[in-house]
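> Below is the structure, and that's it, no one-letter string:
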């Protein structure tokens, strides 16, 4: 398997966390990452076999994910080839015009999000000769999309602050630090990203906790959860079950045996 990774160029760094991708072929199906709820967004453009969910549902050849409450269980696949763009928290709204409610927990085909430009990009990435050519296409596309959507600079800054502080700040404290009242912040926040500040804070806490659990497999999950702001074991189990549909022990055992969102390069 060939694994690709690239940081964004300087002008895209405020919007893009990284570019990454895999390419592999063989007779045996290859495990794909289980994409977990989080706070960013990710574009996947395939140049290999179509991806399918565990229930057999085929995904589009190019799509955008904004997972918040749902997970995306990808089935093992042969002839894997894809490139992906991982966007920073809150930045998908700078690049895309559809309202936030159309993005949350959806698999949005690129042609529905970006119309003809999305279709053209998907086709050119599929037919491109190698990682470097695909990366260039993605960078050029993203540069053209900056400003297509709308920006609320104060809310975007609030989201960045919550993320940097791992969701530990109170919403009242965040609103005060941004120079507005809590109700005003909640109204603007929901309009910008389709969630309340408290819901985003919960997603941040879960994302940071899961990242540490999956990257530090020798440490006790509950201890890491408590270290990241969960009140007690019941709080952790309830939130985990609500987001992933199972209790932590069973799901974590499965996750630790496969690639995952926080370690896209795999073992």
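Sure, I can see it. Note that this is a predicted model, so its numbers are computed, not measured.

> Just the helices from the stretch 1-150 of the chain, written as ranges.
For the stretch 1-150 of the chain, the helices defined by DSSP state H, counting those that start in this stretch cover 92-95, 110-127, 131-145.

> and those helices, which is most packed in?
By mean neighbour count, with neighbours taken as mean count of other Cβ atoms under 10 Å, helix 92-95 ranks first of the helices of the stretch 1-150 of the chain at a mean of 22. Yep, even glycine has a C-beta here, placed from its N, CA and C like the rest.

> Show me how far that one is from its chain's centre.
13 Å (Cα atoms, centre = their mean, to the nearest Å).

> Provide the contact partners of it at residue level.
15, 40-41, 64, 66, 87, 100, 103, 142, 145-151, 156, 192-193 (Cβ atoms under 8 Å, 6 or more residues apart in numbering).

> quick one on the thing from earlier: save the helices of the stretch 1-150 of the chain as TSV, and put in mean pLDDT and distance to residue 170 too.
Converted to TSV, the helices of the stretch 1-150 of the chain look like this (pLDDT from 0 to 100; distance: least, Cβ to Cβ, whole Å):
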stretch	mean pLDDT	distance to residue 170
helix 92-95	88	24
helix 110-127	94	34
helix 131-145	96	34
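
> JSON lines please, covering those helices and showing distance to residue 198.
Compiled in JSON lines, those are given as follows (distance: least, Cβ to Cβ, whole Å):
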{"stretch": "helix 92-95", "distance to residue 198": "19"}
{"stretch": "helix 110-127", "distance to residue 198": "27"}
{"stretch": "helix 131-145", "distance to residue 198": "30"}
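
> coming back round to it: which entries within the contacts of helix 92-95 meet the buried criterion?
Among the contacts of helix 92-95, those buried by neighbour count (16 or more other Cβ atoms under 10 Å) are 15, 40-41, 64, 66, 87, 100, 103, 142, 145, 149, 156, 192-193.

> What segments of the stretch 101-250 of the chain are strands?
107-109 (DSSP state E, counting those that start in this stretch).

> Pass me the low-pLDDT residue ranges in it, would you?
For the stretch 101-250 of the chain, no stretch is flagged by pLDDT under 70.

> If we use 90, what do you get?
Residue ranges of the stretch 101-250 of the chain with pLDDT under 90: 101-106, 146-153, 165-169, 191-194, 211-212, 214-218, 244-247, 249-250.

> about what we covered before: of the helices of the stretch 1-150 of the chain, which is nearest residue 227?
helix 92-95 (29.0 Å; Cβ to Cβ).

> looking at it, residue 3 is touching residue 22, isn't it?
Yes. At 5.9 Å, residue 3 and residue 22 qualify as touching, with contact defined as Cβ atoms under 8 Å.

> sorry, back to before: residue 254 is nearest to which of the helices of the stretch 1-150 of the chain?
The nearest among these, by Cβ to Cβ, is helix 92-95 at 28.5 Å.

> So residue 83 sits against residue 5, correct?
No. The criterion here is Cβ under 8 Å, and residue 83 misses it with residue 5 at 10.7 Å.

> More neighbours: which of these two?
residue 83 (24 against 11; other Cβ atoms under 10 Å).

> Now that one. Nearest residue, chain neighbours left out?
Distances taken as Cβ to Cβ, 6 or more residues apart in numbering put residue 21 closest to residue 83, at 3.9 Å, once the chain neighbours are dropped.

> beta partners of the one you found?
residue 4, residue 83 (DSSP bridges).

> who are the neighbours in contact with it?
Residue 21 makes contact with 3, 4, 81, 82, 83, 84, 131, 134 under the criterion Cβ under 8 Å, 6+ apart.

> Of the residues you listed, which is the nearest to residue 96?
For the contacts of residue 21, the nearest to residue 96 is residue 84 (16.0 Å; Cβ to Cβ).

> these two touch, right, the closest one and residue 45?
Yes. Contact status for residue 84 versus residue 45: in contact at 7.4 Å, counting by Cβ under 8 Å.

> The two: which is more packed in?
residue 45 (27 against 19).

> Distance of the more buried one relative to residue 60?
Separation of residue 45 from residue 60 (Cβ to Cβ, to the nearest Å) stands at 10 Å.
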